[in-house]
Every structure is written in C-alpha cells, then in structure tokens.
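Student: Take a look and give me a structure for this.
(chains A, B, C and D)
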Number of protein chains: 2
Amino acid sequence: MATTPAKAPAPDKRRLILDAAVRVFARRGFNQCRVADIADEAGVAYGLVYHYFRSKDQVLSTLFEERWNVMVEVIEQVDEQELAAREKLRTVAGFIFESYRHDPDLMKVIIVEVTRAANSFGRTHLPEIRLAYDGIARIVAGGVQSGEFRDVVTPSFAAMAFYGAVEQVLTGWIFADEAIGAVEFEGAKDAIVETICGGLNG
Amino acid sequence: MATTPAKAPAPDKRRLILDAAVRVFARRGFNQCRVADIADEAGVAYGLVYHYFRSKDQVLSTLFEERWNVMVEVIEQVDEQELAAREKLRTVAGFIFESYRHDPDLMKVIIVEVTRAANSFGRTHLPEIRLAYDGIARIVAGGVQSGEFRDVVTPSFAAMAFYGAVEQVLTGWIFADEAIGAVEFEGAKDAIVETICGGLNG
DNA sequence: AAGCTGTGACTGACCGGTCAGTCAGCGGGT
DNA sequence: ACCCGCTGACTGACCGGTCAGTCACAGCTT
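Tutor: Numbering: from 1, shown residues only, chains lettered A, B, ... in the order given. All right, here's what the predicted structure looks like:
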C-alpha cells in the first residue's frame, strides 16, 4: 500500500459530522437540537463530536466560516473583473441564490443562526460578516466613481439595502413550505438588480 | 370605588413583567435568559410570571403581537390616505425607524427573536408577519396602477426588497455599539426611499 | 509469519449543573 | 373570615461535556 492508498472511500467522520449538523440545525434550529441528534444523524458515536470539535458552538462556527469565506472571496474576485457595477451586483446576488439552490439547509443555518443572531453568533462573527458588506460597498463605490451610479446614498448604505433585499428573498424561501422552482431562482437575480439599480420609479 | 378608579398609580405587575422581559430579552437573547432574570428585572416574584403568562414563550408572543398589530394597522391607514406611493413608503419606513428610536430594545427583540427566527417564533407568527408584507405590497401595487411605479417587478417582490432593506438598516443599528444619532434616523428614511424608488442607476 | 506493542480514532455511560414550571401558603384589603 | 394577588423554595427532566475504556491496525522483532 502506498502512503495514501485511497483504496476504500475513507469515511472522513469529521465531514460526516459537519454535514449531519447542517441537516439537524436546519431542521430544528441550533438551540433546539441536541448534540446527540447530530451524532445520530451522522451515524457516529456521541463522543466523536467532541473528538473533532471543542463544543457544539464550534461545529456551527466551522460551518459558517467554511461557507462565508467562499462568499467573501467571490465578492472580491467579482470586483476585480472588468464589468459594469450592475453586472457585478447581479453576479453576487446570483452566487448567493445559487448557494441556496445548491444547499438550502446550509444557507438557512448561516442566515438564521449566525448572520441574524445579534445576541450570540452574529456578535462573535461580526468582523467576518462585515467583510462581505464592505466588499459589496466597494462594488457600489466603484459604480459611483465611474459615473454608472448616482451619488445619492453612501455606498455602505446601498450595500446594506442590497444585501438586506437579498437576504429577505432568501428568508421568504426559507419560510416557504413548497420547494422553489428554477424560474424563481433565475428571476430573483434579475429582480433584485432591477429593483435596487433601476428603482421602482417610472 | 368606580370600576376603573386609577386613584393610586396601580402597580400593574403584568405590564412590569412585560417591560422587564423586553430589557432582558434584548440584553441576553430569549434562549440565553432565564425566567428568573425577568422576575428579578421586574422586581417581582418568580411565580408571578406564571400567574400572568402560561409560559416563557407566551411572554415573547405577547410582546410581539402588541407591537406588530400596531405596525400592521399603521401600514393600512397610510395606504388609505391620498398620497403618492413613494410618500406612503417613506411614512412606513419612518414609522419603523421611529419605533426603533422610541424603544430600541423592543424592536431588537421583535426582529431578532421573532421576525427572523425561522425555526421557532417566526414559524408560529408567520401569518401575522405576512400581514405586514402584504400591506406594503398593496402600497406598491397602488403605485404601479397609478403609473407612478414601473411594472418590472411584482409588488410582493418589491415589498420584500423594501422591507428587507429596512430590516437590514435596523440590524446594523442593533449590532452597532454606539448609540445612533438623530441625523442617522432622519437620513435613513429618505435614503431607503431614494434607493428603492429612485434606484442606484445614474 | 507469528507474536508483540504502541497509537489514536472511536465509543457511550455517566455526571453535575441548569432551568421551566409547580404549588402550598402568606398577608393585606374588604 | 374570606378572597386572591402574590411569593419563592422546590422538583424533575434534560443536556452539554467528560473520560475511562475498546479495538483495529501499523510497524517492529524474532
């Protein structure tokens, strides 16, 4: 056998626990679920959760950081491209909606349990959360500088409005009971940009 | 004594408990605080909380319903007036921001613990929450009908974007450590309307 | 190739603390 | 002398986190 044989699929219990936690947190909420629920869902012994993670909190934090870092990076990469600010915003909205389409449970957990939890994880992860807001604000600022956007509102305010609108659409989907169709996903991206950039006025 | 004498200030312990609960929920969060904290804050015996409320949950539900009903009513009344849709939206945003200015703790609790709690109170109070969204959507629909607004996005989508932006601004204030100045309060109302109605495009 | 040993991933019974909710009774007003 | 608003010690369930122990396996020795 070589040093890294990879003959068998290799269970990777840590990943198993993380994935199970997403499902359990999404289903019952972080506070309502038990560590035993995570272990059961992962088909793993209770104690193994504590072998890989210091605490229940750390499981959620890991989940959040993994995903949020990707988003922050995407926002930065988009901004570096040679694109109209409006197109950049469309790409960012598209990425976020696509993240939800790809893994609704994970996005639900991140939004409900971290991004909006002003008394627990939200406070803890504020700096990382702000990184994303700042990135969006930079895109808007670029748009203002190039003359594409009007200079009526501060970039960071516009970023808030943009991100708030995106998150509210996501929240609507999270609260909805039926699955969301492909049409809604596609439409949402354009509708957000149309609303925030074009405005409602006729 | 008459039926409602009001000779002495009347302690009204129920109100005392409700007001104390707002402070405690805002400070530590609903899940992190103990019923004993509420009783202590109110200067009242532990058991009295259970004299007036069936459960800890019911305390929060009462708080939410009291305030949310007022908001839904305001939205409806605004819509009945002879005003441009844009002005109606400005009034609604103004009311929400003013609610925060008047009692930040209460708004924080309502937003963080109910409006955005997809796994607990949010689910329970979904019908009431939707009443507000629907009211805003009706204002937008009126604007489209009168030709004031373009017909590019469904009214309920526009309502989501509007309310999402408002809530995100509020969230920013909630997460902020320093107090918010009067200038910010006044400016926010106009900035929201400028962003959502006017749009960013130059 | 058979035995021996060290390693660490993995297990799950258990513990100690915490807390929502109960209830027996007190005391001031009428 | 009877309410009844009010009290707060108490209880029982629950749950996060611990830790003593198991076992599969890799590598060494003979």
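Student: ok, the residue of chain A at minimum distance from DNA strand C to residue A:39 distance?
Tutor: Closest residue of chain A to DNA strand C, C-beta to the nearest atom of the strand: residue A:47 (1.7 Å). For every residue, glycine as well, the C-beta is placed using N, CA and C. Going from residue A:47 to residue A:39 by C-beta to C-beta, to the nearest Å gives 8 Å.
Student: could you say which helix or strand contains the residue most central in space within chain A?
Tutor: In chain A, the residue lying closest to the centroid (C-alpha atoms, centre = their mean) is residue A:107, at 5.0 Å. Residue A:107 is located in helix A:104-109, with elements delineated by DSSP states H and E.
Student: if you count what's nearby, which of residue A:47 and residue A:39 comes out ahead?
Tutor: Between residue A:47 and residue A:39, residue A:39 has the larger neighbour count (other C-beta atoms under 10 Å in any protein chain shown), namely 20 against 9.
Student: so who does the more buried one touch?
Tutor: Residues in contact with residue A:39 (C-beta atoms under 8 Å, 6 or more residues apart in numbering or on different chains) are A:17, A:20, A:45-46, A:48-49.
Student: Does the helix or strand hosting it reach DNA strand C?
Tutor: Using DSSP H and E, residue A:39 maps to helix A:35-42. No - under the criterion of C-beta under 7 Å from any atom of the strand, DNA strand C is not reached by helix A:35-42; the shortest gap measures 7.6 Å.
Student: buried ones in that helix?
Tutor: For helix A:35-42, burial by neighbour count (16 or more other C-beta atoms under 10 Å in any protein chain shown) applies to A:35, A:37-39, A:41-42.
Student: Next: stretch A:62-69.
Tutor: Buried-residue list, stretch A:62-69, by 16+ other C-beta under 10 Å: A:62-64, A:67-68.
Student: farthest pair in the residues you listed?
Tutor: Distance extremes for the buried residues of stretch A:62-69: the farthest pair is A:62 and A:68 at 10.9 Å, using C-beta to C-beta.
Student: how about the residues of chain A that lie near DNA strand D?
Tutor: Counting by C-beta under 7 Å from any atom of the strand, chain A sits next to DNA strand D at A:1, A:33-36, A:46-47, A:50, A:55-57.
Student: Show me what the helix or strand hosting residue A:72 is in contact with.
Tutor: Element membership for residue A:72 (DSSP H and E) is helix A:56-80. Contacting residues not belonging to helix A:56-80 are listed as A:17-18, A:21-22, A:25, A:30, A:35, A:38, A:49, A:53, A:88, A:91-92, A:95-96, A:99, A:106-107, A:109-110, A:113-114, A:121, A:124-125, A:128-129, A:131-132, A:135-136, A:138-139, A:142 [C-beta under 8 Å, 6+ apart].
Student: Report the inter-axis angle for that helix versus helix A:35-42.
Tutor: Using axes from the mean of the first three to the mean of the last three C-alpha atoms, to 10 degrees, the direction of helix A:56-80 lies 60 degrees away from that of helix A:35-42.
Student: In CSV, could you pull the C-alpha coordinates for the following helix or strand past helix A:56-80?
Tutor: Once the chain leaves helix A:56-80, the next helix or strand it forms, by DSSP H and E, is helix A:85-102. Extracted as CSV, the C-alpha positions of helix A:85-102 are listed here (Å, rounded to 0.1, in the frame of the first residue of the first chain):
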residue,chain,number,x,y,z
ALA,A,85,-21.1,47.6,-11.4
ARG,A,86,-24.6,46.5,-12.1
GLU,A,87,-23.3,43.2,-13.6
LYS,A,88,-21.1,42.7,-10.6
LEU,A,89,-24.1,43.0,-8.3
ARG,A,90,-26.0,40.6,-10.4
THR,A,91,-23.2,38.1,-10.2
VAL,A,92,-23.0,38.5,-6.4
ALA,A,93,-26.8,38.0,-6.0
GLY,A,94,-26.6,35.1,-8.4
PHE,A,95,-23.9,33.5,-6.4
ILE,A,96,-25.9,33.8,-3.1
PHE,A,97,-29.1,32.5,-4.6
GLU,A,98,-27.1,29.7,-6.3
SER,A,99,-25.6,28.8,-2.9
TYR,A,100,-29.1,28.4,-1.6
ARG,A,101,-30.2,26.3,-4.5
HIS,A,102,-27.2,24.1,-4.1
